[in-house]
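> with the input below, show me the fold.
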Amino acid sequence: MRNLVIIPTYNEIENIEAIIRKVFHLSEIFHVLIVDDGSPDGTAAKVKELMGEFPNMLFIEERKGKLGLGTAYIHGFKWALEHNFDYIYEMDADFSHNPEDLVRLFYACRDEGNDVAIGSRYIKGVNVVNWPMGRVLMSYFAGVYVRFITRMPIMDPTGGFICYSREVLQTIPLNKIRFVGYAFQIEMKFNAYLFGFKIKEVPIIFTDRTLGQSKMSSKIFKEAVFGVVMMKIWSFFKSFKR
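Predicted coordinates for the structure are as follows:
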């Protein structure tokens, strides 16, 4: 089984080398694809330097300008399918997602027969470190709101630490995914759910970044709030047969 971890970056020079080295020292083999949106801080240059140390394991796709998290992942998904990877992962560069949990997501799919494994902050209480209470509450109740509108039984629908099987990404019409922020994460999960794929939430501890700057904004949050309603409406006019 071939694993690919997709890590979108914009100005992650403080984290990128450490996160790459951590992934390559796990007990299972994971390849890494960096999708960099023209970071002016030298993130891409550092990745290229490390590619010499990790040939055929570390890859980079460079884009011009900040084009959004969702489009970065879609770009990475298509690259992964073209290069015949079996399991494709979303992960942040800032260590808010513990790379060691990649192995648990892998086992949840390969060994337990799930098509999607979500690293969940809320499947066993609230497992978030270093967030202010206001942001924790906003995130938690966003999940409540998403479940109410979509009827999707996922406790952490906005989470961005995920393993998708190849079949899921081949089935979801990636060119028709509309959103780019939190709503992108919801839209991908909603599609997987409506297509009838088997989804499991794996409990993780989410730790807010200690280096670099957060990319979260009110625009991204508003997209999620209004986007969920649009997703539900659009779902009535689509076919989800596979």
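> alpha carbons of the helix or strand Ala183 falls within, as PDB, please.
Assigned by DSSP states H and E, Ala183 falls within helix 182-194. What follows is helix 182-194, C-alpha atoms only, in PDB (Å, rounded to 0.1, in the frame of the first residue of the first chain):
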ATOM      1  CA  TYR A 182     -13.500  25.100   6.400                       C
ATOM      2  CA  ALA A 183     -16.400  24.500   4.000                       C
ATOM      3  CA  PHE A 184     -14.100  22.500   1.800                       C
ATOM      4  CA  GLN A 185     -13.400  20.000   4.600                       C
ATOM      5  CA  ILE A 186     -17.200  19.700   5.200                       C
ATOM      6  CA  GLU A 187     -18.000  19.400   1.500                       C
ATOM      7  CA  MET A 188     -15.500  16.500   1.000                       C
ATOM      8  CA  LYS A 189     -16.800  14.600   4.000                       C
ATOM      9  CA  PHE A 190     -20.400  15.200   2.900                       C
ATOM     10  CA  ASN A 191     -19.700  13.800  -0.500                       C
ATOM     11  CA  ALA A 192     -18.000  10.800   0.900                       C
ATOM     12  CA  TYR A 193     -21.000  10.200   3.200                       C
ATOM     13  CA  LEU A 194     -23.600  10.700   0.400                       C
END
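> the helix or strand just after that helix relative to helix 182-194, how many degrees between them?
Once helix 182-194 ends, the next helix or strand along the chain (criterion: DSSP H and E) is strand 199-203. Angle of strand 199-203 versus helix 182-194, following axes from the mean of the first three to the mean of the last three CA atoms, to 10 degrees, is 130 degrees.
> burial count for the closest residue in space to Ala183 that isn't next to it in sequence?
Counting by CB to CB, 6 or more residues apart in numbering, Ala183 lies nearest to Gly227, which is 3.5 Å off, once chain neighbours are set aside. For the C-beta atoms, the positions are set from N, CA and C on the backbone; glycine is no exception. Neighbour count of Gly227, defined by other CB atoms under 10 Å: 20.
> how near is Gly227 to Ser165?
Distance, Gly227 to Ser165, using CB to CB, to the nearest Å: 25 Å.
> give the residue spans of this structure that score low on pLDDT.
For the chain, the stretches with pLDDT under 70 are 209-221, 224.
> where along it do the strands fall?
Applying DSSP state E to the chain gives strands spanning 3-9, 31-36, 58-62, 87-90, 116-120, 128-129, 162-165, 199-203, 206-207.
> put the alpha carbons of the longest one into CSV.
Spelled out, it's strand 3-9. What follows is strand 3-9, C-alpha atoms only, in CSV (Å, rounded to 0.1, in the frame of the first residue of the first chain):
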residue,chain,number,x,y,z
ASN,A,3,0.7,6.4,1.3
LEU,A,4,0.9,10.0,0.4
VAL,A,5,0.7,12.9,2.9
ILE,A,6,-0.4,16.2,1.3
ILE,A,7,0.8,19.3,3.2
PRO,A,8,-0.3,22.7,1.8
THR,A,9,2.1,25.5,2.8
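> can you list the neighbours in contact with that strand?
16, 19, 23, 28-37, 39, 43-44, 47, 69, 72-73, 76-77, 80, 83, 85-93, 102, 106 (CB atoms under 8 Å, 6 or more residues apart in numbering).
> just checking: what are the partner strands of that strand?
strand 31-36 (parallel), strand 87-90 (parallel) (DSSP bridges).
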